[in-house]
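Asker: Dropping a prediction and its sequence here:
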Amino acid sequence: MITGMTGFGSAQFAVGKIKGVIEVKSVNHRYLDIAFYLPSGFGAVENKIREMLAKDVARGRVTISVRITDKPNQEVSFNENLIEEYLHHAKNIEKKFKLSNNLMLADLIRMPGVVDVKEVFVEAQEMWPSVEKGLVVALKSLKVMRQREGKSLVKDMGDKLKRMSQKLKAIQKRHDLLLKEYKKNSKPEEFASYQNSIDVNEEIARFNHYIEEMTALLKVSVPVGKKMDFIAQEMQREANTLGSKLQDEMVSNAVISLKSKIEKIREQANNVE
């Protein structure tokens with residue numbers, strides 16, 4: 001079954017104290033157009049994300065956002081070996097010079113090298129395994145939503161194609177009736193000329209073929225949006241010819257109805273991957 005182009009998927013990821021969220025959005029577009037919004041330093045994994053997306057999405061404007069929502073600003077550690085050295089030397093000085101040892105924790109923290117404060121940086125390669133798992137979940141949700149849109153499009157377009165087929169039958173019936181009535185009041189040579197001028201059998205046959213082609217496309221699971229648009233253009237051409245050959249009020253109304261449905265199908269084809 002065909003797939004739509006509108007969808008959304010999201011997932012969370014975490015590595016240690018670093019947490020983030022992935023969001024994937026897609027809307028209609030003639031080609032595959034991807035926009036990335038990634039944290040600083042994530043350019044190295046952009047191609048990996050693109051490759052993952054291309055496996056499930058062939059057409060549409062897709063926005064991929066990876067945001068870090070929570071991380072420690074700094075990591076604080078204590079150099080315990082150095083603290084032991086300070087305490088060891090403090091005791092020796094206390095004994096050697098017979099001093100009172102008033103060394104407090106606050107004094108130790110202020111000593112050079114005891115406290116080590118490091119800024120926390122998000123490393124893309126380190127985060128990638130977790131981001132990749134989250135991306136799989138987000139893309140799956142996106143795909144499901146696009147498939148649901150596809151089902152809706154199939155129902156709507158299928159109904160319009162059936163109504164178009166009914167209109168063509170009505171035009172064919174009207175064509176045959178016009179010939180029958182004209183034949184009663186015309187000479188053989190006049191009738192032959194009239195019959196040739198309003199012959200729409202070829203146009204109706206082609207139109208019915210396009211309806212069958214479009215109906216078949218609704219059942220496939222590969223990208224067909226561009227092909228649908230092309231077929232709709234050909235339908236429009238046949239409808240114009242039908243209207244010009246059969247100058248009749250009933251046929252004109254039927255052709256107007258056909259053109260209206262063709263235009264709506266073209267609009268829907270813009271939503272098909």
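Answerer: Yep, it's here.
Asker: Going along the chain, name the strands of this protein.
Answerer: Secondary structure of the chain (DSSP state E): strands located at 7-15, 18-27, 32-37, 60-70, 74-78, 115-119.
Asker: angle of the longest one against strand 32-37?
Answerer: What separates the directions of strand 60-70 and strand 32-37 is an angle of 20 degrees, with axes from the mean of the first three to the mean of the last three C-alpha atoms, to 10 degrees.
Asker: before we move on, the earlier item: would you tell me which one of the strands of the chain is buried the most?
Answerer: Stretch with highest mean neighbour count among the strands of the chain: strand 18-27 (a mean of 20; mean count of other C-beta atoms under 10 Å). No exception for glycine: its C-beta is placed from N, CA and C like everyone else's.
Asker: Please name the strands paired to it in the sheet, noting orientation.
Answerer: strand 7-15 (antiparallel), strand 60-70 (antiparallel) (DSSP bridges).
Asker: Now do that strand: distance to the chain's middle.
Answerer: 14 Å (C-alpha atoms, centre = their mean, to the nearest Å).
Asker: For it, which outside residues touch it?
Answerer: Strand 18-27 has contacts (C-beta atoms under 8 Å, 6 or more residues apart in numbering) with 5-14, 39, 53, 57, 60-72, 120, 122, 127, 131, 134-135, 138-139, 141-142, 146.
Asker: what about 7 Å?
Answerer: 5-13, 57, 60-71, 122, 131, 134-135, 138-139, 142, 146 (C-beta atoms under 7 Å, 6 or more residues apart in numbering).
Asker: what bits of the stretch 1-150 of the chain have low per-residue confidence?
Answerer: Applying pLDDT under 70 to the stretch 1-150 of the chain picks out residues 73-76, 101, 117-121.
Asker: Identify whichever of the strands paired with strand 18-27 lies nearest to residue 212.
Answerer: strand 60-70 (27.4 Å; C-beta to C-beta).
Asker: What confidence value was assigned to residue 260?
Answerer: Residue 260 is assigned a predicted lDDT (pLDDT) of 97.
Asker: Next, work out how far apart it and residue 146 are.
Answerer: Residue 260 sits 27 Å away from residue 146, going by C-beta to C-beta, to the nearest Å.
Asker: out of those two, which sits in the more crowded spot?
Answerer: Between residue 260 and residue 146, counted using other C-beta atoms under 10 Å, residue 146 has the larger neighbour count: 23 against 13.
Asker: ok, and the closest non-adjacent residue to that one?
Answerer: Spatial nearest neighbour of residue 146, excluding adjacent residues (C-beta to C-beta, 6 or more residues apart in numbering): residue 7 at 4.2 Å.
Asker: what are the bridge partners for that neighbour, then?
Answerer: residue 26.
Asker: show me the contacts for it.
Answerer: 26, 142, 145, 146.
Asker: From residue 227, how far out is it?
Answerer: 21 Å.
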